[in-house]
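**Student:** my questions concern the predicted model and sequence given below.
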Amino acid sequence: MLTSHCKITISHWTAYRRVNICGGKSNQPMLLFFHELSRKGFVVGSANASWQTSDLSGVANHDAAGLLGGRRDVPRWPRMVFLVGAMSCLAISATAHLLACHSRRASVVFWQMDYAGISAMIVASFVPPVYYAFLCHPPARVAYLSAITALGALVVGALLSPSCSSPRFRRFRAALFLAMGLSGVVPALHALWLNWGHVACYLALALEVVMGLAYAVGAWFYVSRVPEKWRPGVFDVVGHSHQIFHVFVLVGAVTHYVAVDVLLNWRETVAAACGTAS
Ligand SMILES: [Zn+2]
């Protein structure tokens, strides 16, 4: 009985060590803390968005009375797509960190779900900026959203292959996520050209650059495994590269939310005059 128990324990531990992208044996509570912190941050953001939605809806009713003059009824669902995508990704990630050590099979499945969740979050991140920036240019809007959705589906397909979940493909996974993120440069430059002269667009683009830097720095920590590779064992509980990676992901996501808010306010107050805000 004891032997059997030991076998199961060792097997689980081996599976955990082989597939766990964190590498530290005792940092799961801290990682869950960061995941939960991230998710709660977005729940608060979502509640704030809902409040703003209802608040501005109420204000819109007074629009005829001339309280806000040129405010337009711009859809908020693209922003909600991002919030739902981000919260889903963080929730899946937290679940994966909690349960992946159950068994070898669970480990593979949960990390695949985690990677699929990250891809879905990247695709969801594209929806609000592309929608608002190309509000008056439906063909470009549909083309860019279709392209990133197709790219996301391809990446999910590649990541769902069992071999891609192994630590050996850490750099390959990071490269796929970075490629998805960097593909946003094309619509960003196109939107800048179309909306040249609008300060809100410059501000939103600057925020998106900050977001890109945050994700890139986070990806560097994820791949390089700094600082634990310099002092093995010292950062098992606090300061592990995977924790730093998640902090930068959260910073990037919050920065993106602010950029989306800038674009939404700009469309509502100034630039929804193309008449396609439906
Ligand atoms: Zn994680």
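**Tutor:** Received the coordinates, thanks. Residues are numbered from 1 along each chain as shown.

**Student:** quick one: contacts for Asp114?
**Tutor:** 92-93, 96 (Cβ atoms under 8 Å, 6 or more residues apart in numbering). All C-beta atoms are positioned from the backbone trio N, CA, C, and that covers glycine.

**Student:** and the residues you listed, which is closest to Ala150?
**Tutor:** Nearest to Ala150 out of these is Ile92 (Cβ to Cβ; 21.7 Å).

**Student:** wait, that closest one sits on Met113?
**Tutor:** Yes. Between Ile92 and Met113 there is a contact under Cβ atoms under 8 Å: 5.3 Å.

**Student:** the residue most central in space within the chain and Cys89, how far apart?
**Tutor:** The chain has Met121 as the residue nearest its centroid, 4.1 Å off, counting by Cα atoms, centre = their mean. Per Cβ to Cβ, to the nearest Å, Met121 is found 4 Å from Cys89.

**Student:** now do Ala143
**Tutor:** 25 Å.

**Student:** and for His137?
**Tutor:** For His137 relative to Cys89 (Cβ to Cβ), the value is 29 Å.

**Student:** higher neighbour count, those two?
**Tutor:** More neighbours surround Cys89 than the other of His137 and Cys89, with 27 against 17 (other Cβ atoms under 10 Å).

**Student:** residues touching the more buried one, list them.
**Tutor:** 117-118, 120-121.

**Student:** so which of those residues belong to helices?
**Tutor:** 117-118, 120-121 (DSSP state H).

**Student:** most widely separated two among those residues?
**Tutor:** Most distant of the ones in helices among the contacts of Cys89, by Cβ to Cβ, are Ile118 and Ala120, 7.4 Å apart.

**Student:** so the two - more neighbours on which side?
**Tutor:** Ile118 (23 against 20).

**Student:** the more buried one: what's it in contact with?
**Tutor:** 89, 93, 177.

**Student:** and it, how far is that from Ala174?
**Tutor:** Applying Cβ to Cβ to Ile118 and Ala174 gives a distance of 10 Å.

**Student:** can you give me the helices in the protein?
**Tutor:** Using DSSP H, helices in the chain cover 2-19, 28-61, 77-99, 104-133, 138-159, 170-182, 185-194, 199-224, 241-269.

**Student:** just name the shakiest helix or strand of this structure by mean pLDDT.
**Tutor:** helix 2-19 (a mean of 40; mean pLDDT, DSSP states H and E).

**Student:** what's the neighbour count on Val234?
**Tutor:** Neighbours of Val234 (other Cβ under 10 Å): 12.

**Student:** what does Val262 give?
**Tutor:** Val262, neighbours per other Cβ under 10 Å, totals 22.

**Student:** ok, for it, nearest residue in space, not its chain neighbours?
**Tutor:** Ala204 (4.6 Å; Cβ to Cβ, 6 or more residues apart in numbering).

**Student:** rewinding a little: and which of the contacts of Cys89 is nearest Gly152?
**Tutor:** Ala120 (6.8 Å).

**Student:** for the closest one, which non-adjacent residue is spatially closest?
**Tutor:** Nearest non-adjacent residue to Ala120 (Cβ to Cβ, 6+ apart): Gly85, at 5.5 Å.

**Student:** low-confidence ranges, the protein, go.
**Tutor:** Scanning the chain for pLDDT under 70 picks out the ranges 1-72, 165, 271-278.

**Student:** stretch 176-194: end-to-end distance?
**Tutor:** 29 Å (Cα to Cα, to the nearest Å).

**Student:** ok so, going back, from the contacts of Asp114, pick the one nearest Leu154.
**Tutor:** Ile92 (19.5 Å).

**Student:** ok, that closest one - contacts?
**Tutor:** Contacts of Ile92 (Cβ under 8 Å, 6+ apart): 113-114, 116-117.
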